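K.L.:
Mind looking at a prediction? Sequence and model below.
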Amino acid sequence: MENYQKMKKWFYNGNELEIVDTFNYLGLILNYNGTFLKTQKHVADQGRKALFSVLRVCNGNFFNIETKLSVFDTYVGSILSYGSEIWGFHKAADVKKVQSNFCKRILGVRQTTMHSMIYFELGRFPLYVIRRIRIFKYWTKLLNTDNKILKCCLQDQEANKSKWIINVRNELFQMGLGYIWEHRKSCNSSYFKTIKHRILDIFKQLCIERICNSSKGLFYQHFISNFTLQYYLAKSIPYRYANCISKIRLSAHNLFIETGRYNSVAKNKRLCKFCDNDDVEDEYHFVLICKKYKDIRCKYIKPYYRINPSVYTFIQLLTVHNIKELTNLGKYLSITFESRNKLRQI
Ligand SMILES: [Zn+2]
């Protein structure tokens, strides 16, 4: 940059222009090297500030989860995606962190919880998917624009094989939509719809693949159904009880089946220390089997689930569409998690 500064001088109306490394154009940081690392960092900083304000307002139990997600989209998501039609091919790790921290926070699960499970549980798409949709919407709009300057810019991009247009082309071929690129001159509104559906479908498929191929997703595989905000999160179940259910469903708890993983204890040796069953202390044992919590279980879990229990009835319990049963399950988990934490400290 310094060498370039010595070589070139630029003038406008007779005044020498200052040569700078970065320039803020309409809120977007443009860097002399053409990468968008600083852009996404700046956008993430702005989004983080907005998130703090949002959390101050809706941190309590006043808003339900659906409203919190909607508030995030309106006041934070829009900032995090600002100008992403231009910089959106960047991986934007800082931007991703803001969204994933928020999602994990409202579910009350630990930061190491698998992203794919979080997105599935909330029925949310990560921001990189949203950015792809915005980019292709913009591209299809450019193809049909009557604005001569924009038309020239697009022609220029193609003639110079710019990184942005090459990415558009490559991603279309990677998604199996190369024909849209080949017929881009006759682009119509159905093209964008097709691209959008394909982007969303590919993400959902990738999510399922990641969950099914990971040892962390073994239990969650039972809950893979519709990609939507899960019933227990969408209904008016007290926030702390919904959080307890999330912890069990997403294996974000301190049961030995999970903590044993950190100390490399063999899976069949992660036995429950609070009863004499010699069972692995997993989610099923904790909720329906462990003798330690028998009295609490009798109070909050219906006989259908706890008498002659099986993994089948357990999954039924965790996916039931009944607010009272879910609230009771949340109460059971809240009390037993607390009781177990106390036992560990003794
Ligand atoms: Zn036990």
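P.N.:
Received, thanks.

K.L.:
can you pull out the strands in the chain?
P.N.:
Secondary structure of the chain, counting by DSSP state E: strands at 10-12, 15-17, 22-25, 28-31.

K.L.:
show me where the stretch 201-346 of the chain has helices.
P.N.:
Counting by DSSP state H, counting those that start in this stretch, residue ranges of the helices within the stretch 201-346 of the chain are 231-234, 239-249, 256-262, 283-284, 294-300, 303-306, 311-318, 323-345.

K.L.:
would you list those in CSV and tack on mean neighbour count?
P.N.:
The C-beta positions use only the backbone N, C-alpha and C, and glycine is treated the same way. Below are the helices of the stretch 201-346 of the chain laid out as CSV (neighbours: other Cβ atoms under 10 Å):
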stretch, mean neighbour count
helix 231-234, 19
helix 239-249, 21
helix 256-262, 16
helix 283-284, 20
helix 294-300, 14
helix 303-306, 14
helix 311-318, 16
helix 323-345, 16
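
K.L.:
and of these, who's closest to residue 116?
P.N.:
Shortest separation from residue 116 across the helices of the stretch 201-346 of the chain is recorded for helix 239-249, at 13.5 Å, computed as Cβ to Cβ.

K.L.:
Grab the nearest non-local neighbour of residue 228.
P.N.:
residue 123 (3.9 Å; Cβ to Cβ, 6 or more residues apart in numbering).

K.L.:
where's that neighbour relative to residue 71, distance?
P.N.:
Taking Cβ to Cβ, to the nearest Å as the criterion, residue 123 is separated from residue 71 by 16 Å.

K.L.:
OK, now which residue of the stretch 101-250 of the chain is nearest to the ion?
P.N.:
Among the residues of the stretch 101-250 of the chain, residue 248 lies nearest to the ion; the distance is 15.0 Å by Cβ to the ion.

K.L.:
I'd guessed that residue sits against residue 334; true?
P.N.:
No - with contacts defined as Cβ atoms under 8 Å, residue 248 does not count as touching residue 334, sitting 11.1 Å away.

K.L.:
What's the local residue count around the nearest residue to residue 133 once chain neighbours are set aside?
P.N.:
With Cβ to Cβ, 6+ apart as the measure, residue 196 is the residue that lies nearest to residue 133, at 5.4 Å, once sequence neighbours are left out. Under the neighbour criterion other Cβ atoms under 10 Å, residue 196 is assigned a count of 16.

K.L.:
which residues touch residue 196?
P.N.:
By Cβ atoms under 8 Å, 6 or more residues apart in numbering, the contact list for residue 196 reads 133, 136, 137.

K.L.:
Can I get those in TSV including neighbour count, pLDDT and distance to the ion?
P.N.:
Listed next are the contacts of residue 196 as TSV, based on neighbours: other Cβ atoms under 10 Å; pLDDT from 0 to 100; distance: Cβ to the ion, whole Å:
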residue	neighbour count	pLDDT	distance to the ion
133	18	97	47
136	25	96	52
137	14	96	53
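
K.L.:
Generate TSV for those residues, with distance to residue 189 as supplementary columns.
P.N.:
Rendered in TSV, the data for the contacts of residue 196 read as follows (distance: Cβ to Cβ, whole Å):
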residue	distance to residue 189
133	14
136	12
137	10
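
K.L.:
between these, which is nearest residue 14?
P.N.:
Closest approach to residue 14 among the contacts of residue 196 (Cβ to Cβ): residue 137, at 41.7 Å.

K.L.:
any idea of the mean pLDDT in stretch 58-65?
P.N.:
In this model, stretch 58-65 has a mean pLDDT of 74.

K.L.:
List the buried residues for that stretch?
P.N.:
Using 16 or more other Cβ atoms under 10 Å as the test for burial, stretch 58-65 gives 63, 64, 65.

K.L.:
and the stretch 201-346 of the chain, which of its residues are near the ion?
P.N.:
272, 274, 275, 290 (Cβ under 5 Å from the ion).

K.L.:
For the nearest residue to the first one once chain neighbours are set aside, give its distance to residue 26.
P.N.:
The reference is to residue 272. Nearest in space to residue 272, with sequence neighbours left out and distances taken as Cβ to Cβ, 6+ apart, is residue 281 at 3.7 Å. With the distance defined as Cβ to Cβ, residue 281 ends up 55 Å from residue 26.

K.L.:
neighbour count winner among those two?
P.N.:
For residue 281 versus residue 26, neighbours defined as other Cβ under 10 Å are more numerous around residue 281 (24 against 7).

K.L.:
now the buried residues of stretch 58-65 in a markdown table, with distance to the ion?
P.N.:
What follows is the buried residues of stretch 58-65, written out as a markdown table (distance: Cβ to the ion, whole Å):
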| residue | distance to the ion |
| --- | --- |
| 63 | 37 |
| 64 | 34 |
| 65 | 31 |
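
K.L.:
So which of those residues sit within helices?
P.N.:
Assigned to helices by DSSP state H, the following of these qualify: residue 65.

K.L.:
Closest one of the buried residues of stretch 58-65 to residue 232?
P.N.:
For the buried residues of stretch 58-65, the minimum distance to residue 232 (Cβ to Cβ) is 9.6 Å, reached by residue 65.

K.L.:
My guess is the closest one contacts residue 229. True?
P.N.:
Yes - with contacts counted by Cβ under 8 Å, residue 65 reaches residue 229, the gap being 7.2 Å.

K.L.:
Quick check: neighbours shared by those two?
P.N.:
Residues within reach of residue 65 and of residue 229 at once, by Cβ under 8 Å, 6+ apart, are residue 122.
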